[in-house]
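**Student:** predicted structure and sequence below. I'll ask about it afterward.
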Amino acid sequence: MYVSMGWSDAYYGQFSRAKGGTRPIVISYASSPAAEVFYSEKKIEESPTAAVLAPQTVFRQIEFVGILKDTQMPAVARRLVDFMLTEAFQKDIPLNMWVFPAVTGTPLPDVFARYAQEATDPVVLDPEFVESNRDRWIEAWTEAVLR
């Protein structure tokens, strides 16, 4: 196993399909093919890589926003959350965060709709299993990253 210094180094430095690195596989996002087309130096119609989302091989990552219980400014926090749920904000998410919008039915930009994939059969772990293994996994990850 090889652990890179970060996503950019892994994708643009080590990954053989992106910039001629020596690693044929990189763990990335299912939206990476859309980002490759969007940011390509030359106009391309097909992504040079593909997201492979075989059943039970991916995890669904969900990003949240919330209001902390003891916040000193709950009204301001509520306004921010409300703003983040507006159509304008949601439509802006795919080409800035390279994730799917939270609000169902938000129209996707063409490049995102065409090339990004959504995990339809992600791995789901029992929370108790995660709780009982978390410390061991963090230790193993820390050892792999720091070696």
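**Tutor:** Everything's here; your move.
**Student:** worst-scoring helix or strand of this structure, pLDDT-wise?
**Tutor:** helix 16-19 (a mean of 76; mean pLDDT, DSSP states H and E).
**Student:** so which residue of the protein lies furthest out from the middle?
**Tutor:** Gln72 (31.2 Å; CA atoms, centre = their mean).
**Student:** that one: what secondary structure?
**Tutor:** Put simply, Gln72 is coil when judged by DSSP: H, G, I helix; E, B strand; the rest coil.
**Student:** separation between it and Val81?
**Tutor:** Counting by CB to CB, to the nearest Å, the gap from Gln72 to Val81 is 16 Å. All C-beta atoms are positioned from the backbone trio N, CA, C, and that covers glycine.
**Student:** what of Gln117?
**Tutor:** The value you get for Gln117 to Val81, if CB to CB is used, is 28 Å.
**Student:** which stretches of this structure form helices?
**Tutor:** 7-8, 16-19, 32-39, 74-84, 87-92, 94-97, 110-115, 127-146 (DSSP state H).
**Student:** tell me the most buried of those?
**Tutor:** Highest mean neighbour count among the helices of the chain (mean count of other CB atoms under 10 Å): helix 32-39, with a mean of 20.
**Student:** convert that one to PDB, retaining C-alpha atoms only.
**Tutor:** Provided in PDB are the C-alpha atoms of helix 32-39 (Å, rounded to 0.1, in the frame of the first residue of the first chain):
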ATOM      1  CA  SER A  32     -13.500  13.000 -10.500                       C
ATOM      2  CA  PRO A  33     -14.300  12.100 -14.200                       C
ATOM      3  CA  ALA A  34     -16.600  15.200 -14.400                       C
ATOM      4  CA  ALA A  35     -13.900  17.400 -12.800                       C
ATOM      5  CA  GLU A  36     -11.300  16.100 -15.300                       C
ATOM      6  CA  VAL A  37     -13.500  17.100 -18.300                       C
ATOM      7  CA  PHE A  38     -14.400  20.400 -16.700                       C
ATOM      8  CA  TYR A  39     -10.800  21.400 -15.900                       C
END
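**Student:** and Asn96, what pLDDT?
**Tutor:** With respect to pLDDT, Asn96 scores 94.
**Student:** before we move on, what about Val26?
**Tutor:** The model's pLDDT for Val26 equals 78.
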